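A.B. asks: the following comprises the amino acid sequence and a computationally predicted model.
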Amino acid sequence: MSRFASIPSGSKRRRKWTTAIGVGAMLAAAGCGIPGLRKADRAAPLPCDFNGVGTQGSSSQIGWHEFFNDPALGTLIDQAIAGNQELKIINQNIQIANFEVLAWRGSYLPFVGLRASADLEKPSRFTPEGAVEDQLQPFPGKDFPEPLPNFMLGAEASWEIDIWRRLRNARDAATLRYLGTQDGQQYMITRLVADVSKNYYHLMALDNRMVVLDGTIAIQQQSLDMSRNMKEAGRDTELGVQRFLAEVRKNQSQKLIVKQDIIEVENRINFLLGRFPQYVERDGSKFLDLQLQQLSVGFPAQLLQNRADIRQAERELQAAGLDVRVARARFYPSLNLRAGVGYEAFNTRYLFNSPESLIYNAGGDLVAPLINRKGVQAVYLTANAKQLQAVYDYQQTVLDAFREVINSLSKVENYSKSIDVKKEQLASLEASVDNATKLFQSGRVEYMDVLFSQRDLMDSRMKLIDAKREQLSAIVSAYQALGGGTAPSTGIAALPTPLRQPELILEQPIELKQEEVAPPIPTAPGEELPPASGIQLLNPSAPVASVEPRTPVIVNPAYAGLPLNLE
């Protein structure tokens with residue numbers, strides 16, 4: 001007969017009710033002490049265009065080989081992506097984030113381990129344990145050996161049942177941060193492409209400055225020779241000779257400074273490429289006539305999808321929302337199961353040969369925080385503060401991206417107009433230098449008129465070169481600000497190999513309310529997370545005029561600063 005057979009059925013029901021009431025009391029006590037969450041300030045709605053400028057397509061979809069259309073520059077960019085040290089460091093951050101996902105994935109699975117032990121013990125006869133052993137015999141007429149050895153071989157298992165999704169939410173947060181590091185790598189590539197391109201055009205501008213200085217020195221040397229001849233003929237004084245000579249020496253000194261600038265810019269490019277200083281291949285002969293692809297800005301809503309840093313900030317925002325849920329789950333009881341099975345005996349020959357050597361155990365613990373609830377609350381409120389930081393960081397990233405696009409577009413337009421005006425000014429100054437030289441030969445103007453005309457011509461050429469460099473730099477900045485520079489049209493030979501995306505992101509969808517910050521996450525294995533949940537892109541086939549000029553396109557819930565409330 002079972003030893004429980006004599007217990008009345010009413011006692012069984014009372015035990016069940018007592019257990020249920022105890023568990024309910026633990027849950028109620030855990031839920032009562034959860035503090036409220038703070039809410040984020042609402043951000044301004046996203047504009048529908050870039051201050052009146054908007055196109056259906058975006059230059060960010062054009063690969064850099066096609067956008068720059070310069071084989072030498074394309075080769076430099078390929079080498080930079082293959083050899084840049086900072087990009088290699090970021091690639092290791094991706095590896096670390098991937099291993100973090102694997103670590104959290106294993107945390108909600110059972111932990112099983114093998115255990116083997118051997119020890120030797122001699123208890124005192126004047127202790128309960130020693131007194132009991134002195135009276136016991138494992139076999140009739142045979143005492144336990146003294147000292148007493150003990151051998152054990154078995155398996156142990158423990159499993160925390162993730163009833164509140166604490167471990168799985170932590171895994172999902174790690175997965176989001178892993179994807180965010182990949183977005184960070186893409187953003188680093190856009191910056192690297194822009195940095196190499198800007199320094200490349202700067203190098204071409206310096207080559208053109210050197211050409212202008214050589215041409216100016218040649219013209220001034222002719223004027224110097226002419227002034228010397230006129231002095232020997234008694235038509236001029238030594239003052240004119242010395243002024244022309246000083247101007248020649250000044251420009252010869254300037255050439256050395258430009259030469260040093262060329263060396264520094266070349267080495268800056270070499271540093272970005274991860275190689276030691278060497279000559280950088282380029283052709284600056286057509287620098288002033290260089291034309292890049294015409295910019296297409298798209299719409300701000302597309303910017304949220306195309307900018308890798310915005311996608312990374314959104315991943316961080318989603319991960320911060322899951323961190324709040326992880327911290328919230330610590331208020332509730334945790335259920336831990338444990339079990340073990342094996343063999344134990346004081347002699348190895350009894351370890352497997354006797355069924356009495358078999359040992360096993362099984363149990364479970366339901367533990368809820370009671371005394372140290374302030375510590376749990378502090379972790380929860382800290383997670384809430386970090387979530388607010390992620391909201392404001394996302395908003396700031398969007399604002400900064402919008403600012404970069406507007407500034408770059410404005411700079412491209414203004415410098416393009418400035419170049420047209422400077423070309424007209426340059427044509428006038430070239431004519432004035434030619435006329436001043438002829439008049440000086442005939443003695444109809446002073447040497448100062450020739451000197452000032454040559455100086456103005458050189459300054460105009462230098463400023464035209466600088467304006468062209470600023471224009472190209474602004475185009476590159478606009479290309480980067482729109483999210484361009486991540487997709488080469490012909491591929492990369494040695495691009496760091498991306499890690500395989502974790503197969504499982506979520507086992508079931510996260511149901512978010514209107515007030516929550518973190519956008520929903522897809523559930524299909526291997527499905528890529530959306531870069532900006534809630535963003536509705538414009539129909540590519542729709543005409544631009546169909547967009548209302550003052551109607552906000554769409555606002556990401558996180559960007560809008562909706563209240564944070566996980567209740």
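C.D. replies: On my side now, so go ahead.
A.B. asks: for this structure, what's the longest strand?
C.D. replies: strand 148-161 (DSSP state E).
A.B. asks: for it, name the packing helices and strands.
C.D. replies: In terms of contacts (3 or more CB pairs under 8 Å, 6 or more residues apart in numbering; DSSP states H and E), strand 148-161 is packed against strand 111-121, strand 334-345. Where you see a C-beta, it was placed from the backbone N, CA and C, and this is true even at glycine.
A.B. asks: so in that sheet, which strands flank the longest one, and in what orientation?
C.D. replies: Spelled out, it's strand 334-345. Within its sheet, and counting by DSSP bridges, strand 334-345 is paired with strand 148-161 (antiparallel), strand 358-367 (antiparallel).
A.B. asks: what's the most buried one of the ones you listed?
C.D. replies: Greatest average neighbour count among those goes to strand 148-161 (a mean of 15), per mean count of other CB atoms under 10 Å.
A.B. asks: what about Q61, how many neighbours?
C.D. replies: Applying other CB atoms under 10 Å, we find 15 residues neighbouring Q61.
A.B. asks: separation between it and F68?
C.D. replies: According to CB to CB, to the nearest Å, Q61 stands 15 Å off from F68.
A.B. asks: and D119, by the same measure?
C.D. replies: Distance from D119 to F68, by CB to CB: 73 Å.
A.B. asks: one more: G141?
C.D. replies: With distances defined as CB to CB, the gap from G141 to F68 amounts to 96 Å.
A.B. asks: ok, these two, which is more surrounded?
C.D. replies: Under the neighbour definition other CB under 10 Å, G141 and F68 were set side by side, and F68 has more, 26 against 5.
A.B. asks: helix, strand or coil for the nearest residue to L176 once chain neighbours are set aside?
C.D. replies: Closest residue in space to L176, ignoring its immediate chain neighbours: A319 at 4.1 Å, by CB to CB, 6 or more residues apart in numbering. Secondary structure for A319, judged by DSSP: H, G, I helix; E, B strand; the rest coil, is helix.
A.B. asks: I'd guessed A319 sits against Y178; true?
C.D. replies: No: judged on CB atoms under 8 Å, A319 makes no contact with Y178 at a distance of 9.6 Å.
A.B. asks: so who does S124 touch?
C.D. replies: Counting by CB atoms under 8 Å, 6 or more residues apart in numbering, S124 touches G130.
A.B. asks: would you say it is within a helix?
C.D. replies: No: judged by three-state DSSP, S124 forms no part of a helix; its state is coil.
A.B. asks: how close does it sit to E133?
C.D. replies: Distance check for S124 against E133: by CB to CB, it reads 10 Å.
A.B. asks: what residues does L245 make contact with?
C.D. replies: With contact taken as CB under 8 Å, 6+ apart, L245 is in contact with L224.
A.B. asks: got it, and S428?
C.D. replies: S428 makes contact with no residue under the criterion CB under 8 Å, 6+ apart.
A.B. asks: where along the stretch 151-300 of the chain do the helices fall?
C.D. replies: Secondary structure of the stretch 151-300 of the chain (DSSP state H, counting those that start in this stretch): helices located at 166-232, 238-273, 300-306.
A.B. asks: those: which one's closest to D393?
C.D. replies: Counting by CB to CB, D393 lies closest to helix 166-232 out of the helices of the stretch 151-300 of the chain; the figure is 11.7 Å.
A.B. asks: what's the angle from that closest one to helix 238-273?
C.D. replies: Using axes from the mean of the first three to the mean of the last three CA atoms, to 10 degrees, the direction of helix 166-232 lies 160 degrees away from that of helix 238-273.
A.B. asks: quick one: mean pLDDT for helix 166-232?
C.D. replies: Across helix 166-232, pLDDT averages out at 92.
A.B. asks: distance between it and the chain's centre?
C.D. replies: Helix 166-232 has its C-alpha centroid displaced from the chain centroid by 23 Å (CA atoms, centre = their mean, to the nearest Å).
A.B. asks: stretch 346-362: end-to-end distance?
C.D. replies: Between the opening and closing residues of stretch 346-362 lies a distance of 23 Å (CA to CA, to the nearest Å).
A.B. asks: in it, what counts as buried?
C.D. replies: Taking 16 or more other CB atoms under 10 Å as the neighbour-count basis, stretch 346-362 is seen to contain the buried residues 346, 351, 357.
A.B. asks: following element in sequence after the longest helix along the chain, please.
C.D. replies: The single longest helix within the chain, with elements called by DSSP state H, is helix 373-441. Note on helix 373-441: by DSSP states H and E, the next helix or strand toward the C-terminus is helix 447-481.
A.B. asks: mind listing what's buried in that next one?
C.D. replies: By neighbour count, and taking 16+ other CB under 10 Å as the criterion, the buried residues in helix 447-481 are 447, 449-451, 453-458, 460-462, 464-465, 467-481.
A.B. asks: so where's this structure shaky on pLDDT?
C.D. replies: Along the chain, the parts satisfying pLDDT under 70 run over 1-33, 443, 447, 487-567.
A.B. asks: centroid-nearest residue for it?
C.D. replies: Geometric centre of the chain, nearest residue: G184, 2.1 Å, by CA atoms, centre = their mean.
A.B. asks: from Q387, how far off is the closest residue in space to it that isn't next to it in sequence?
C.D. replies: Closest residue to G184 apart from its sequence neighbours, by CB to CB, 6+ apart: Q312 at 5.0 Å. From Q312 across to Q387, the span is 16 Å (CB to CB).
A.B. asks: next one: R307
C.D. replies: Computed with CB to CB, the distance linking R307 and Q387 is 22 Å.
A.B. asks: cool, and Q396?
C.D. replies: With distances defined as CB to CB, the gap from Q396 to Q387 amounts to 15 Å.
A.B. asks: just K468 next, same as before
C.D. replies: Looking at K468 against Q387, where the rule is CB to CB, the gap reads 47 Å.
A.B. asks: give the buried residues for stretch 265-283.
C.D. replies: By 16+ other CB under 10 Å, the buried positions in stretch 265-283 come out as 265-274, 280, 282.
A.B. asks: in CSV, list the helices and strands packed on strand 148-161 along with distance to L46 and mean neighbour count.
C.D. replies: CSV is the format used below for those (distance: least, CB to CB, whole Å; neighbours: other CB atoms under 10 Å):
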stretch, distance to L46, mean neighbour count
strand 111-121, 47, 11
strand 334-345, 42, 16
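A.B. asks: contact partners for the closest residue to T237 other than its chain neighbours?
C.D. replies: Spatially, and ignoring its direct neighbours in sequence, T237 is nearest to K231 (6.5 Å; CB to CB, 6+ apart). The contact partners of K231, by CB under 8 Å, 6+ apart, come to 237-238, 240-241.
A.B. asks: ok, so of those, who is nearest F151?
C.D. replies: Lowest distance from F151 to the contacts of K231 (CB to CB) belongs to V241, with 108.5 Å.
A.B. asks: so what's the closest one up against?
C.D. replies: Listed by CB under 8 Å, 6+ apart, the contact partners of V241 are 224, 227-228, 231.
A.B. asks: repeat that for R338.
C.D. replies: Contact analysis of R338 by CB under 8 Å, 6+ apart lists 156-159, 361-365.
A.B. asks: and it, bridged to which residues?
C.D. replies: Applying DSSP bridges to R338 yields these beta-bridge partners: S158, G363.
A.B. asks: now it: how far from D49?
C.D. replies: Spatial separation of R338 from D49 under the definition CB to CB is 62 Å.
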